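Peer 1: below are the sequence and a predicted model; questions follow.
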Amino acid sequence: MIIDKTGHIDFKEKLHKALRQQSELYSQKSIINCIKQLLSEHRSAVWYLINEDLLEQLSIDTTNRIYISGPQSFRTLNVKGCKVIFTLQRCDFSKDTIPYLQLLDVLLIFRKLSTVKLKEASVKYVEIIRHLSYEEKKLLTKLARKSTPFVRATLAILLYNAGDIKLYIKLAETINPVTFKKYRENLKELDY
């Protein structure tokens, strides 16, 4: 067993061991079920799966990819042709904030999308934002403050597209103006 600096058992090692021991893992679904079981058994684990339904709703292809967020970033695990990708989540989270953190985590995946897929996903993301209450949007913006400048810039642009100018300004102010301008130019596909 590997203990990390905080004294927690290293989740990746536990996950890797559990996945190696499962001989019936033939599909992405069975790997996801194994991960879910491990997460439920180890309530001290500070990890969560990025919602597959959300990714599907945004037309992000998740074939052979599973995304997990937590307090550490690791190299990708390859299990029977399926990649388990770990993303760093800087926010403390609870069951109440996980859906909002998943919305932020998805923005990290935006970086890897082609221009066409990025445009399609961003239009759908704006629709999701529009269905949130103002309080939920404020929470999303508050949680985003601990995210990378890329995530903050992307969310700010999407909030602008959703018509939430006040939250756009608040979030844009947390980013260096030169950096924000650079991201705005690189993410021009998001503007519509």
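Peer 2: Here it is on my side, so go on. Residues are numbered from 1 along each chain as shown.

Peer 1: what's the longest helix belonging to the chain packed up against?
Peer 2: With secondary structure taken from DSSP state H, the chain has its longest helix at helix 115-130. Helices and strands touching helix 115-130, by 3 or more C-beta pairs under 8 Å, 6 or more residues apart in numbering; DSSP states H and E, are helix 52-57, helix 98-110, helix 149-161. To be clear about C-beta, it is placed using only N, CA and C from the backbone, and glycine gets the same treatment.

Peer 1: looking at this structure, which helix or strand is least sure?
Peer 2: Lowest on mean pLDDT, DSSP states H and E among the helices and strands of the chain sits helix 11-21, with a mean of 74.

Peer 1: now do the very next helix or strand once past it: which elements does it pack against?
Peer 2: Note on helix 11-21: by DSSP states H and E, the next helix or strand toward the C-terminus is helix 28-41. If you count contacts as 3+ C-beta pairs under 8 Å, 6+ apart, helix 28-41 packs onto helix 11-21, strand 48-49, strand 65-70, strand 82-88.

Peer 1: nearest to L113, of these?
Peer 2: Nearest of those to L113, taken as C-beta to C-beta: strand 65-70 at 12.6 Å.

Peer 1: mean confidence for the closest one?
Peer 2: Averaging pLDDT along strand 65-70 gives 86.

Peer 1: who does that strand pair with, and is each partner parallel or antiparallel?
Peer 2: The pairing partners recorded for strand 65-70 under DSSP bridges are strand 48-49 (antiparallel), strand 82-88 (parallel).

Peer 1: what residues does it touch?
Peer 2: Under the contact criterion C-beta atoms under 8 Å, 6 or more residues apart in numbering, strand 65-70 has outside partners 11, 28, 31-32, 35, 45-50, 55, 82-89, 101-102, 105, 109.
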